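**Student:** heads up, no residue letters with this:
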């Protein structure tokens, strides 16, 4: 994936093969589009969105909260708006009009709102509204950065569904795509010798358009550093602590056991704002907090000393993670000190309705509307 600072060409790429971890996430990629010189009708728009304006996100300075009476934690949503709304209604956080009624409750969504399902934009927009409504009621909505939020920021679009691009389509989409196609043809013609040029006929154009559906470029604008959803994601944390519980998407591996919550959050945002720092960084690292699965899948006996170190370093009692699908239920490991909450909420994973509730430091699973205390 080619990126740049300033007014240089930026190529958006997507890997051909589906990988299980990020260490190889950008291998075997094919170009999906580029942002270079445009015709004058759209050049100003692109410059404003991607190049000229300074990044207008603010560091999410607070990442630790205390004295919170009730926490509801929801795992991966993956674009399933209906399931997410149903679960929030079951948890007593929103009414039938999707308005916040949770009072001073803190809602934690541990990342991966995006991809796989068709309505990621609706889920994000709902969370944006609920953030404001909860704040006015004395509550809080924490939408954490997961690996799929990061992937949409840096351009790994393997899991973006056609419906997600369609959600960003507007009346100018045809003109915008046509402008990018013209620029693509110009760049291709200039960069290749005549004997290596493909036949730039109607079949070629149809193939290019199939890989750049209407709404594709608007989607990329929105996830840029000054786009609505890019700014929203970059304004969030990857890791937080509420009372004595740490929340994050993947987990804390031994490699990052001595990093503080603040250090992890700052590194994640720094890398997502400067793609040159992604290689070898924390965001795409298999052992990084957005991808690590050891606390969900690793041997408990061998990992217990590591877990105890992480909890001690952060003055915490437990860690709550998503990312690794459990098969339908909120699950506890390590004697209740690790709780897994990616239950497969999205229809893509079976549409299972469950989340975690913490009240007075006691943990419960809300499973299909029933509140069940978790073993410790």
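**Tutor:** Yes, it's here. Note that the structure is predicted; figures quoted are calculated from it, not measured.

**Student:** wait, what's in contact with the spatially most central residue of the chain?
**Tutor:** With distances taken as CA atoms, centre = their mean, residue 149 lies nearest the centre of the chain, 1.8 Å away. By CB atoms under 8 Å, 6 or more residues apart in numbering, the contact list for residue 149 reads 111-114, 233. For every residue, glycine as well, the C-beta is placed using N, CA and C.

**Student:** go again using 7 Å as the cut-off
**Tutor:** 111, 113-114, 233 (CB atoms under 7 Å, 6 or more residues apart in numbering).

**Student:** Out of these, which comes closest to residue 299?
**Tutor:** residue 111 (24.8 Å; CB to CB).

**Student:** how much space between the closest one and residue 251?
**Tutor:** As defined by CB to CB, to the nearest Å, residue 111 lies at a distance of 12 Å from residue 251.

**Student:** How about residue 341?
**Tutor:** Taking CB to CB, one finds residue 341 at 12 Å from residue 251.

**Student:** So which of the two has more stuff around it?
**Tutor:** Comparing residue 341 with residue 251 by other CB atoms under 10 Å, the one with more neighbours is residue 251, at 30 against 26.

**Student:** Is that one in contact with residue 324, as I believe?
**Tutor:** No: under the criterion of CB atoms under 7 Å, residue 251 is not in contact with residue 324, lying 8.5 Å apart.

**Student:** where do the contact lists of the two overlap?
**Tutor:** Between them, residue 251 and residue 324 share the contacting residues 293, 296, judged by CB under 7 Å, 6+ apart.

**Student:** that older thread, and the residue nearest to the centre of the chain, what element?
**Tutor:** helix 147-154 (DSSP states H and E).

**Student:** Make sure I have this right: residue 363 is in a helix.
**Tutor:** No: assigned with DSSP: H, G, I helix; E, B strand; the rest coil, residue 363 falls outside any helix and is strand.

**Student:** How confident was the prediction at it?
**Tutor:** For residue 363, the pLDDT comes out at 97.

**Student:** tally of neighbours for it?
**Tutor:** So residue 363, with other CB under 10 Å, has 22 neighbours.

**Student:** So what sits opposite it in the bridge?
**Tutor:** Beta-bridge pairing of residue 363 under DSSP bridges involves residue 358.

**Student:** Now do it against residue 108, distance only.
**Tutor:** Counting by CB to CB - residue 363 and residue 108 are separated by 13 Å.

**Student:** How about residue 353?
**Tutor:** 17 Å.

**Student:** neighbour-wise, which of the two wins?
**Tutor:** Remark: of residue 353 and residue 108, residue 108 carries more neighbours, 26 against 18, as counted by other CB under 10 Å.

**Student:** quick one: contacts for that one?
**Tutor:** 71, 73, 142, 144, 247.

**Student:** which non-adjacent residue is nearest residue 350?
**Tutor:** Distances taken as CB to CB, 6 or more residues apart in numbering put residue 344 closest to residue 350, at 4.5 Å, once the chain neighbours are dropped.

**Student:** Residue 208 now?
**Tutor:** Using CB to CB, 6+ apart, the closest residue to residue 208 is residue 181 (6.3 Å).

**Student:** now residue 173
**Tutor:** residue 214 (4.2 Å).

**Student:** quick one: contacts for the one you found?
**Tutor:** Contacts of residue 214 by CB under 7 Å, 6+ apart are 169, 173-174, 177.

**Student:** By neighbour count, which of these wins?
**Tutor:** Tallying neighbours with other CB under 10 Å puts residue 177 at the head of the contacts of residue 214, with 21 neighbours.

**Student:** how near is that residue to residue 89?
**Tutor:** Remark: distance between residue 177 and residue 89 (CB to CB) = 38 Å.
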